[in-house]
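> next come a sequence and a model predicted from it.
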Amino acid sequence: MTLGPGWHFSRGDHPGASAIAFDDKHWTRVTLPHSFNAAETGDGSYYRGPAWYRRVLNVTPRAPGRRLFIQFDAAASVADVWLNGKHIGRHEGGHSAFRFDITAALVPGHNILAVRVDNSATRTVAPLGGDFTIFGGLYRPVSLIETGDLHFDMMDHGGPGIYARVASLTPERAGISVLARVSNEGRARKRATILSRILDAEGREVARMQRAVTVAPARATAVELHGEVASPRRWDGVRDPYFYRVVTQIGAAGDQVTVPLGIRTVRIDPARGLLLNGRPYQLRGANLQHSARPGTGTAVSREQIAEDFAILRELGSTGVRLAHFQHPQAAYEEADRLGLGVWTEIGTVAEIEDSPAFRANAAQQLRELIAQTYNHPSVMIWGIGNEIYADDPRVAQLLAYLQKVAKEADPSRPTAYAHCCQADGHPKAMVSDVIGFNRYFGWYKDQSGQTLGRWAAGFHAAHPGRAFAVSEYGAGASIQHQADPPGEVEPASGWHPEQYQTEYHERNWRDLADKPYLFATFIWVAFDFASAGRHEGDRRGINDKGLVTYDRRTRKDAFYWYQANWSDKPMVHIAGHRHDIRRTPDVEVKAYTNADAATLLVDGATVATIPVEGRIARWKLRLRPGLNRIEVRTPAGSDVTEWSYLPTPAILAPAD
């Protein structure tokens, strides 16, 4: 049962708001998901502090042997929960799901649920830094889950309590292992049969396994079941994103949990890159800095998350890096369905604190990430950190600890760290199984004098046994800023012409495309996003390196450059649609297309048909004064734009 409407909300702290009799009638009524600072204008600061949510729960008397849990899909960043004035629990970390058993605090009928959330900066909860706004609130769904006293472990780091994996794989059969964590909250030992069935995509049962188990009271027991799927069809990324379902049940009528199962193998080779089912599969795509929208922030609907992933596939992506913390379950489900390989990570970003409390919180977030997303076939890489700036041994020590935690929780998947700010061979870049580099040659001035291609070739030559990726590269662009040619751009300035981003990506993708040893290349970033500390481009509070605008309404020209290179669907796009007022008559018409040839027409008259070279067709053209209708046709379609040649008025023209 989802607890969407019916909440009373107030920003700020309210002593006594956990009490049953507290008067909240003047608070604002809200529906979850909800963020309490999503509508702020991005003036360089935003509210980081406490807020309260309250609502009534009406429940019927509980049947013997039944329990009720409350699940928060996320609460930013620290949450305390009370039911009928009793403190139920506290969770620290703003991006993972968590649950509390509320059975003992419930009364039949009218109950008061109170939640205090706080997105204040704290030195014990990751992330401590980062180039993004920390939206506060109950920004993902909240729900009630009823179980029996004997149930799949609801307190297993917020996960389903089920871990399904491929134990062996040949073309003839797949050996499947299912580990079920069964918890007994009753007062006596309980015996039951655990049944697990594997269903194909059409819902047909293809394997069945079962095992009897006895669980002591107040204990959780791990039960392992083994089965086989004959003639398995593999989850093969975008080539064939086929997956099964594992339905596991306690007894004939007990609790039931369903998780996805992708039958596939993943290996990362230093020379050949990522191998999916034994074949090269370069993860190419963009970073996604949490699905969000203006006015609602990260409190997005499932439909909006699906829209984002549809745009990623439209781009031609084969993978996505989910930065810089755990994303909603719907994101992983969309990646499963579409075949996008996922690098997912925790919020050890920019800064760390050398304290037992911070170390424990980072480990908790990693265990939660793994438990909650373990079964998704799309998940290929566990990220243990990103751009930690400090240059001292504490960073490598923390990463080594997180590496150990990840391997204990899931030895089957590789770990990665996204490195930026010291030498390529720095000790902290050598901890994880594989390494990603955040490299912005051609954008940030402190990374000048080098190209992405030369750097990548140099690292591979120096470290031939080290598998690596480009985890970030990108440049800013405002669709309101148009200049051709764009000239030099200062990243921190208020002038980010779209054409600079376009040319940046043309150069850099050419550098990266011919390097099979790169197991992944991820653009920073798929969509413009809120970052309150930024003051550049056309407004404050936005990182504008996206290929698509924050509101998802406009795909920038660089988006179509990648689509021409990555997508199998026929396409053509004229660059410079928004540069529609021209002050000089001599222009270049540039079109991105995956066709072999393209034809230019001006005002309906054919100018020339030319071969396409490197996914680009170019024509030199002299515009007539006034409006010019530009069209580029290919066998599969056409694109049209209108440019007006309006000479600079003589009074404004520079003197000779």
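Happy to help now that I have it.

> check contacts around residue 452.
439, 441, 442, 470, 473, 508, 511, 512 (C-beta atoms under 8 Å, 6 or more residues apart in numbering). For every residue, glycine as well, the C-beta is placed using N, CA and C.

> pretty sure residue 363 contacts residue 402?
Yes - counting by C-beta atoms under 8 Å, residue 402 is a contact partner of residue 363 at 6.6 Å.

> and the contacts of residue 452, which is closest to residue 261?
residue 470 (30.9 Å; C-beta to C-beta).

> just confirm the closest one is within a helix.
No - counting by DSSP: H, G, I helix; E, B strand; the rest coil, residue 470 falls outside a helix, being strand.

> excluding chain neighbours, what is closest to it?
Using C-beta to C-beta, 6 or more residues apart in numbering and skipping residues adjacent in sequence, the residue nearest residue 470 is residue 521, 4.8 Å away.

> give the partner strands of the host helix or strand of that neighbour in its sheet and their orientations.
Counting by DSSP states H and E, the element that carries residue 521 is strand 518-523. Take DSSP bridges as the rule and strand 518-523 pairs in its sheet with strand 283-288 (parallel), strand 468-472 (parallel).

> closest one to residue 504 among the ones you listed?
strand 468-472 (13.2 Å).

> returning to that earlier point: can you point out the buried residues in the strand holding residue 521?
518, 519, 520, 521, 522, 523 (16 or more other C-beta atoms under 10 Å).

> how about the strands in the stretch 351-500 of the chain?
Here the stretch 351-500 of the chain has its strands, by DSSP state E, counting those that start in this stretch, at 379-386, 415-419, 434-438, 468-472.

> who's more crowded, residue 363 and residue 402?
residue 402 (25 against 19; other C-beta atoms under 10 Å).

> possible to save the contacts of residue 452 as a markdown table with pLDDT and distance to residue 320?
Shown next, in a markdown table, are these (pLDDT from 0 to 100; distance: C-beta to C-beta, whole Å):
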| residue | pLDDT | distance to residue 320 |
| --- | --- | --- |
| 439 | 96 | 19 |
| 441 | 95 | 23 |
| 442 | 94 | 23 |
| 470 | 98 | 14 |
| 473 | 98 | 15 |
| 508 | 98 | 18 |
| 511 | 96 | 21 |
| 512 | 98 | 17 |
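
> including neighbour count and distance to residue 382, could those residues go into a markdown table?
Output for the contacts of residue 452, formatted as a markdown table (neighbours: other C-beta atoms under 10 Å; distance: C-beta to C-beta, whole Å):
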| residue | neighbour count | distance to residue 382 |
| --- | --- | --- |
| 439 | 25 | 22 |
| 441 | 19 | 27 |
| 442 | 21 | 30 |
| 470 | 25 | 19 |
| 473 | 26 | 22 |
| 508 | 24 | 27 |
| 511 | 21 | 28 |
| 512 | 17 | 24 |
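
> distance to residue 33 added to those, as JSON lines?
Shown next, in JSON lines, are the contacts of residue 452 (distance: C-beta to C-beta, whole Å):
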{"residue": "439", "distance to residue 33": "35"}
{"residue": "441", "distance to residue 33": "39"}
{"residue": "442", "distance to residue 33": "38"}
{"residue": "470", "distance to residue 33": "33"}
{"residue": "473", "distance to residue 33": "32"}
{"residue": "508", "distance to residue 33": "36"}
{"residue": "511", "distance to residue 33": "40"}
{"residue": "512", "distance to residue 33": "37"}
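
> with those in mind, which one is nearest to residue 449?
residue 441 (8.3 Å).

> show me what contacts that closest one?
447, 448, 450, 451, 452, 455, 473, 508 are the contacts of residue 441 under C-beta under 8 Å, 6+ apart.

> leaving out the residues flanking it, which one is nearest to residue 290?
residue 298 (5.2 Å).

> pretty sure the one you found sits against residue 291.
Yes - when contacts are counted by C-beta under 8 Å, residue 298 is listed as touching residue 291 (7.1 Å).

> bridge partners for residue 248, pull those for me.
Beta-bridge partners for residue 248, by DSSP bridges, are residue 196, residue 257.

> of all the buried residues of strand 518-523, which two lie farthest apart?
Maximum distance among those (C-beta to C-beta): 15.6 Å, for 519 and 523.

> the strands of the stretch 351-500 of the chain: which one's closest to residue 427?
strand 415-419 (10.7 Å).

> hmm, back to that, which one of the contacts of residue 441 is nearest residue 544?
For the contacts of residue 441, the nearest to residue 544 is residue 473 (15.3 Å; C-beta to C-beta).

> quick one: that closest one from residue 285, how far?
Per C-beta to C-beta, to the nearest Å, residue 473 is found 12 Å from residue 285.

> name the residues contacting each of these two.
521, 522, 523.

> neighbours of the nearest residue in space to residue 502 that is not next to it in sequence, how many?
Nearest in space to residue 502, with sequence neighbours left out and distances taken as C-beta to C-beta, 6+ apart, is residue 557 at 4.5 Å. Neighbour count of residue 557, defined by other C-beta under 10 Å: 25.

> then residue 359?
Going by other C-beta under 10 Å, the residues that sit close to residue 359 add up to 18.

> all numbers from here: first residue = 39
In the new numbering, first residue 39, that becomes residue 397.

> spit out the contact partners of it.
436, 439.

> try residue 288
For residue 288, the contact set (C-beta under 8 Å, 6+ apart) comprises 186, 188, 189, 190, 220, 230, 231, 232, 294.

> mind redoing it with 10 Å?
185-186, 188-190, 218, 220, 228, 230-233, 251, 253, 261, 294-295 (C-beta atoms under 10 Å, 6 or more residues apart in numbering).

> so which residues of the stretch 289-438 of the chain form helices?
Secondary structure of the stretch 289-438 of the chain (DSSP state H, counting those that start in this stretch): helices at 340-353, 367-376, 394-411, 431-447.

> looking at those, which is nearest to residue 600?
When the helices of the stretch 289-438 of the chain are ranked by proximity to residue 600, the top entry is helix 340-353, at 5.6 Å, counting by C-beta to C-beta.

> and the closest one, what's its mean pLDDT?
The pLDDT scores in helix 340-353 average 98.

> isn't the residue nearest to residue 328 up against residue 176?
No - here residue 336 lies out of contact with residue 176, judged by C-beta atoms under 10 Å, at a distance of 11.1 Å.

> which residues do these two both contact?
Shared contacts of residue 336 and residue 176, counting by C-beta under 10 Å, 6+ apart, come down to 71, 73, 112, 114.

> just name the closest of the contacts of residue 479 to residue 591, please.
Nearest member of the contacts of residue 479 to residue 591, counting by C-beta to C-beta, is residue 511, at 24.7 Å.

> ok, now how distant is that closest one from residue 490?
Distance from residue 511 to residue 490, by C-beta to C-beta: 6 Å.

> which neighbours do the two share?
Counting by C-beta under 10 Å, 6+ apart, the residues touching both residue 511 and residue 490 are 475, 477, 478, 479, 480, 542, 546, 547, 549, 550, 559.

> return the residues in contact with the first one.
Listed by C-beta under 10 Å, 6+ apart, the contact partners of residue 475 are 455-458, 462, 467, 490, 493-494, 497, 506-511, 556.

> now do the fifth one
By C-beta under 10 Å, 6+ apart, the contact set of residue 480 is 486, 488-490, 511-513, 527, 538, 541-543, 545-546, 549.

> and the furthest pair within those residues?
Pairwise distances across the contacts of residue 480 (C-beta to C-beta) peak at 19.1 Å, for the pair 527 and 549.
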